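K.L.:
The following comprises the amino acid sequence and a computationally predicted model.
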Amino acid sequence: MSYELDYERKVSCPCGNGQIIKKSYSNDWNQTRLSIYIECEKCEKEYHVESETKLYLVPNGENLHRNSNYNTFETPFFEELCLCYPIDVLNKVYDVLCKSTTYSKIKDERTRFIVRQSKTSINRTMRISSVKKCVLEAIQKYNDVIINYDKETKRIADVESRCIIVKGL
Ligand SMILES: [Zn+2]
């Protein structure tokens, strides 16, 4: 089923010599497709379009996507924890685990979630003591891993500060 153009909108690009164009298409099955692109030789060398909560022109070579890729079967659990959580959360979870001996006694929802998360990976037991060990390892190695949740938050904020928000499309 072919898509047909429903509407097209344009706003000025940052340098003013071109445009940012949004085209909306749909087909007979009510499926829609959006195409948003920069039509300016100068600006497209500097930016690309990313659609998050807002529409951004992001400096080329950078991006606003949080990197939280891990392989459940290969990534050590402590690395997974570093990617998924801020250090503050890991510290709190560790405190909870220190006071708990069994899963059923844990009231904190996030801690319960992490214990369950540990189980989804191969060869990992649900024993609180092993989960606790992994959380401690994550805390100790947090700053040494290449990517962690807090570093990603900082990087994204930094990239965002150099983005241009596209309005009116
Ligand atoms: Zn331009």
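P.N.:
It's in. The shown structure was predicted, so the numbers you read here are calculated from the model rather than taken from an experiment.
K.L.:
Which SSE is immediately downstream of the worst-scoring helix or strand of the chain on mean pLDDT?
P.N.:
Within the chain, no helix or strand scores below helix 109-119, which has a mean of 91 by mean pLDDT, DSSP states H and E. Next along the chain after helix 109-119, taking DSSP states H and E as the criterion, comes helix 128-141.
K.L.:
Specify the angle between that next one and helix 109-119 in degrees.
P.N.:
For helix 128-141 and helix 109-119, the angle between their directions (axes from the mean of the first three to the mean of the last three Cα atoms, to 10 degrees) works out to 100 degrees.
K.L.:
Which neighbouring elements make contact with helix 128-141?
P.N.:
Using 3 or more Cβ pairs under 8 Å, 6 or more residues apart in numbering; DSSP states H and E as the contact test, the elements touching helix 128-141 are helix 77-84, helix 87-98, helix 109-119. (Each C-beta comes from the backbone N, C-alpha and C, glycine too.)
K.L.:
what's the domain layout of the protein?
P.N.:
The record's domain parsing of the chain by automatic domain parsing lists 4-63+158-165, 77-146.
K.L.:
Lowest average pLDDT across those domains?
P.N.:
Taking the average pLDDT of each of the domains of the chain, the minimum falls on domain 77-146, with a mean of 91.
K.L.:
What is the end-to-end distance of that one?
P.N.:
In domain 77-146, first residue to last residue: 15 Å (Cα to Cα, to the nearest Å).
K.L.:
Packing partners of the least confident helix or strand of the chain?
P.N.:
Contact partners of helix 109-119 among helices and strands, from 3+ Cβ pairs under 8 Å, 6+ apart: helix 77-84, helix 87-98, helix 128-141.
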